[in-house]
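Visitor: sequence and computational prediction follow.
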Amino acid sequence: LRACVCVSVAEQHRAAGAAAAMKFKIEGLTVFFPYEYIYPEQHQYMLELKRALDAKGHCLLEMPTGTGKTITLLSLITSYQMADSSVGKLIYCTRTVHEMEKVLDELRSLHAYQQQELGKGTKILALGLSSRKNLCIHPQVSGEGSRESVDAGCRRLTASWVRAAALDNANIETCPFYEGYEKKGAEQVLPPGVYTLHDLRVYGRQKGWCPYFLARHMIQFANVVVYNYQYLLDPKVSGIISREMEKECVVIFDEAHNIDNVCIEALSVNIRQQTLDGASRNINKMSQIIDRFKATDANRLREEYNRLVEGLAQRGNLPASDNWLSNPVLPDDILREAVPGNIRRAEHFVAVLKRLLQYLKMRLQTEKVESEGPVSFVTSLSSKAGIDQKTLKFCYDRLHSLLLTLEVTDTDEFLHIQAVCDFATLVGTYTRGFSIIIEPFDERMPHIPDPVLQLSCLDASLAIKPVFQRFQSVVITSGTLSPIDLYPKLLNFNPVIIQSFTMSLTRDCLCPMVLTCGSDQLPVSTKFDMRSDPGVVRNYGRLLLEMVSCVPDGVVCFFVSYSYMDAIVNSWNEMQILQDIMQHKLVFIETQDVVETTLALDNYRKACDCGRGAVFFSVARGKVAEGIDFDRHYGRLVIMFGVPFQYTLSRILIARLEYLRETFQIKEGDFLTFDAVRQAAQCVGRVIRSKADYGMMIFADKRYNRHDKRSKLPGWILSHLKDAHLNLSTDMALHIAREFLRRMAQPYDKAGSEKKRTLLSQADLENMEAQATAGF
């Protein structure tokens, strides 16, 4: 028999339909909630969120996984929007398309309840926005492989000059869906409702309109917009998609534990030898097109030159289909002045790009690691290639103008020169918060030449600063934000609310343990000087073998890196441990290939479904650690082998640590520990996704026994980490696991006792509100 019927409370409510729902007041605000019961922590979360919105300020909220964070956010904020018309739209930022669809599904059930209570007059428009690849319905273009190929295929059919030429020549192909949108859709407003990406595609096919451009157009009319982080944090994308958003908007960054890394990636550029070779081909192609235009349509180049003399980098308001990407620099740092005279003529600009490429190729030929700031790099570039700082700042805008003038539609072919111009514009604009690092090879593979020039952003606050300045309330939330007090320093902002919530449970369905040694009492750790020790490897193998023999269903193991996982699996194979493990459960492994990993996950789930059970080997910071849930029987135990520190010899990491110490007074050790423990918490948090679920977490490394490491775990894990579960050996952990599983097999009351309520009804909330009012 299954030890417990693991259906989450939220799933039970959903099955009951919208009728089982409630409305209640929080400090005078009527909140609509589409389920019959609410968790105490959801109510507390709403209270803190409302106070942040009242204060028109930003907040940091940590809420345990599996406690209904998404519906809590949506219920409170949409109720707040209905009560206060001055509040703008809700911008909900997610990391993946799967998360976006989940948010919109939750919103749909909430909106159905709101309409049931308030009548059909309560109308909202909510939609998801993603890339052309996820929204395109053109039969040929949507079948292209990569996102860049789909973008280029779209541009080939929708660019203004292509459409203009098609008016005179019926043989020139255009996109019927874009034409349909331009004729009728651009003036229309979507009927009220909640639209997922699938819904937009279906609607687009029905009407014959392009879903992508329709969604972009409808953002300005929507009450709720759900899209990826990049649409707000990456200046190249936000400059086109999000520039019209009003200040009164409420912005949510969900699953935001890695938001500092997303901010850094948005402003960082890597240039390799292949990039420069591709850019050289791009320049040659541009030169050929310029020569052709000189011979056939010199007037077009002259018009562009005159426009640049007048200080207009772009031709007024470009059609949506002509906008490629925006400037890589943050909005406040873009120069509002005329393009320098030395790059106004097309051929002069191409000559400057050739000199820039020559200089970058010369710098890549170094045999030792070089590191410098933007100021010294620009000084060197100016003296050796004759390109000054102002010219660099305008590289991106000038390239964009030239590609429009030359009527280039194959944007995917010009990604290399775009990367070079991104680099030039960023290095010419910023003097602080960046570092240029040139490495002739990867230190982990010193025999393979692989030179790379990295413009690395060191300051996460740069990319998110415009978001904090522009919008009155920004909510940063996740299940793993501990230690929460470090985020205001990293992102350089002052939240009005900082709160971490615990999980209310009727039974202790979480069992975290810290394992420090094997059954032979030899300590275990992935410290560099210990990780290859045969004794450590054997003890890790024996731990897994003992656990798979007693734990039912799925077991998930996380390793600190792909190379370590490969090494330890090979060692276990030689020691015959792997074969012993496979006597109990099948073993599946995450690889760096997305298709292979997806197949492995699918088969892992099948093995768990059929009762055989399985083990899944994965890597901290990998795709599985970030976005895949191992709820219910798919994950009864997670083992974190080691502490997932970043590669501490990385030049970029060293530069960032130095910058954090000098600018924000964050010590190197504090940041490294914070980063490693949040990754570990993210890994083990995959095991429990609802309160009816149960699971065990084993932190298998002696370093977790130290208070400075352990104390940085989220409060909802620490509250279940008993003293008796610290400093364990393999046989002690096995005994605790058996006792825990026996306890979980017993029936229990899901609503909890009077003293320990874990589900609150509408009557409970009315009593709480009355007591709060009386206490006032």
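Guide: All right, it came through fine. Numbering: from 1, shown residues only.

Visitor: what mean pLDDT does stretch 715-730 have?
Guide: Averaging pLDDT along stretch 715-730 gives 94.

Visitor: where does pLDDT dip in the stretch 51-200 of the chain?
Guide: Filtered on pLDDT under 70, the stretch 51-200 of the chain yields no residues whatsoever.

Visitor: what about the helices in it?
Guide: Along the stretch 51-200 of the chain, the stretches classed as helices by DSSP state H, counting those that start in this stretch are 69-83, 97-118, 132-135, 147-158, 160-168, 176-183, 197-207.

Visitor: same for the longest one, what does it pack against?
Guide: Yep, that's helix 97-118 we're talking about. If you count contacts as 3 or more CB pairs under 8 Å, 6 or more residues apart in numbering; DSSP states H and E, helix 97-118 packs onto strand 29-33, helix 69-83, strand 90-94, strand 125-128, strand 193-195, helix 197-207, strand 224-228. To be clear about C-beta, it is placed using only N, CA and C from the backbone, and glycine gets the same treatment.

Visitor: where in the stretch 201-350 of the chain is pLDDT low?
Guide: 311-318, 324, 335-336.

Visitor: for it, just list every one of the strands.
Guide: 224-228, 250-253, 269-272 (DSSP state E, counting those that start in this stretch).

Visitor: and if you look at the stretch 501-650 of the chain?
Guide: For the stretch 501-650 of the chain, the strands defined by DSSP E, counting those that start in this stretch cover 510-517, 554-559, 586-589, 614-619, 637-641.

Visitor: can you tell which of those strands is closest to residue 445?
Guide: Nearest to residue 445 among these is strand 614-619 (18.1 Å), distances taken as CB to CB.

Visitor: so that closest one versus strand 637-641, what angle?
Guide: If you take axes from the mean of the first three to the mean of the last three CA atoms, to 10 degrees, strand 614-619 sits at 30 degrees to strand 637-641.

Visitor: strand 614-619 pairs with which strands?
Guide: Take DSSP bridges as the rule and strand 614-619 pairs in its sheet with strand 554-559 (parallel), strand 586-589 (parallel).

Visitor: among those strands, which is the most enclosed?
Guide: Neighbour counts (mean count of other CB atoms under 10 Å) averaged over each of the strands paired with strand 614-619 peak at strand 554-559, with a mean of 28.

Visitor: what residues does that strand touch?
Guide: Residues from elsewhere that reach strand 554-559 (CB atoms under 8 Å, 6 or more residues apart in numbering): 544, 547-548, 565, 568, 585, 604, 608, 613-620, 625, 630, 633-642, 644, 680, 683-684, 686-687.

Visitor: returning to that earlier point: turn the helices and strands packed on helix 97-118 into TSV, including distance to residue 489.
Guide: Listed next are these as TSV, based on distance: least, CB to CB, whole Å:
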stretch	distance to residue 489
strand 29-33	32
helix 69-83	24
strand 90-94	21
strand 125-128	33
strand 193-195	37
helix 197-207	36
strand 224-228	26
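
Visitor: mind putting the ones you listed into CSV with distance to residue 110 and mean neighbour count?
Guide: Formatted as CSV, the helices and strands packed on helix 97-118 follow (distance: least, CB to CB, whole Å; neighbours: other CB atoms under 10 Å):
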stretch, distance to residue 110, mean neighbour count
strand 29-33, 7, 21
helix 69-83, 6, 22
strand 90-94, 12, 25
strand 125-128, 10, 24
strand 193-195, 9, 20
helix 197-207, 16, 17
strand 224-228, 10, 24
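
Visitor: closest to residue 744 out of the ones you listed?
Guide: For the helices and strands packed on helix 97-118, proximity to residue 744 was assessed by CB to CB; helix 69-83 is nearest, at 24.2 Å.

Visitor: re earlier: for the helices of the stretch 51-200 of the chain, which one sits closest to residue 29?
Guide: That would be, of the helices of the stretch 51-200 of the chain and by CB to CB, helix 69-83, which comes in at 5.7 Å.

Visitor: and the closest one, C-alpha only, in PDB?
Guide: Output of helix 69-83 as PDB, limited to C-alpha atoms (Å, rounded to 0.1, in the frame of the first residue of the first chain):
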ATOM      1  CA  LYS A  69       2.700  31.100  -3.100                       C
ATOM      2  CA  THR A  70       1.500  31.800  -6.700                       C
ATOM      3  CA  ILE A  71      -2.300  31.900  -5.900                       C
ATOM      4  CA  THR A  72      -1.600  33.900  -2.700                       C
ATOM      5  CA  LEU A  73       0.200  36.600  -4.800                       C
ATOM      6  CA  LEU A  74      -2.500  36.600  -7.500                       C
ATOM      7  CA  SER A  75      -5.400  36.700  -5.100                       C
ATOM      8  CA  LEU A  76      -4.100  39.600  -3.000                       C
ATOM      9  CA  ILE A  77      -2.900  41.800  -5.900                       C
ATOM     10  CA  THR A  78      -5.900  41.300  -8.200                       C
ATOM     11  CA  SER A  79      -8.200  42.100  -5.200                       C
ATOM     12  CA  TYR A  80      -6.100  45.200  -4.500                       C
ATOM     13  CA  GLN A  81      -6.400  46.300  -8.100                       C
ATOM     14  CA  MET A  82     -10.200  46.000  -8.000                       C
ATOM     15  CA  ALA A  83     -10.300  48.000  -4.700                       C
END
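
Visitor: out of the helices and strands packed on helix 97-118, which is closest to residue 450?
Guide: Of all the helices and strands packed on helix 97-118, strand 224-228 sits nearest to residue 450, with 29.7 Å by CB to CB.

Visitor: tilt between that closest one and helix 197-207?
Guide: Using the same axes, to 10 degrees, one finds that strand 224-228 and helix 197-207 are set 110 degrees apart in direction.

Visitor: which residues touch strand 224-228?
Guide: 74, 78, 89-96, 100, 103-104, 107, 124-130, 194, 219, 241.

Visitor: if you set the cut-off to 6 Å instead, what comes out?
Guide: With contact meaning CB atoms under 6 Å, 6 or more residues apart in numbering, strand 224-228 is reached by 90, 91, 92, 100, 103, 104, 126, 128, 129, 219.

Visitor: what's the neighbour count on the closest residue to residue 440 other than its chain neighbours?
Guide: Ranked by CB to CB, 6 or more residues apart in numbering and with sequence neighbours excluded, the top spatial neighbour of residue 440 is residue 451, at 5.0 Å. Close neighbours of residue 451, defined as other CB atoms under 10 Å, add up to 18.

Visitor: also residue 494?
Guide: By other CB under 10 Å, the residues close to residue 494 number 9.

Visitor: check contacts around it.
Guide: By CB under 6 Å, 6+ apart, the contact list for residue 494 is empty.

Visitor: doesn't it belong to a strand?
Guide: No: applying DSSP: H, G, I helix; E, B strand; the rest coil, one finds residue 494 to be coil, outside a strand.

Visitor: confidence score at it?
Guide: If you check residue 494, the pLDDT there is 95.

Visitor: can you check the one 4 residues further on too?
Guide: For residue 498, the pLDDT comes out at 96.

Visitor: shift numbering so it begins at 45
Guide: Taking 45 as the first residue, the last one we looked at is residue 542.
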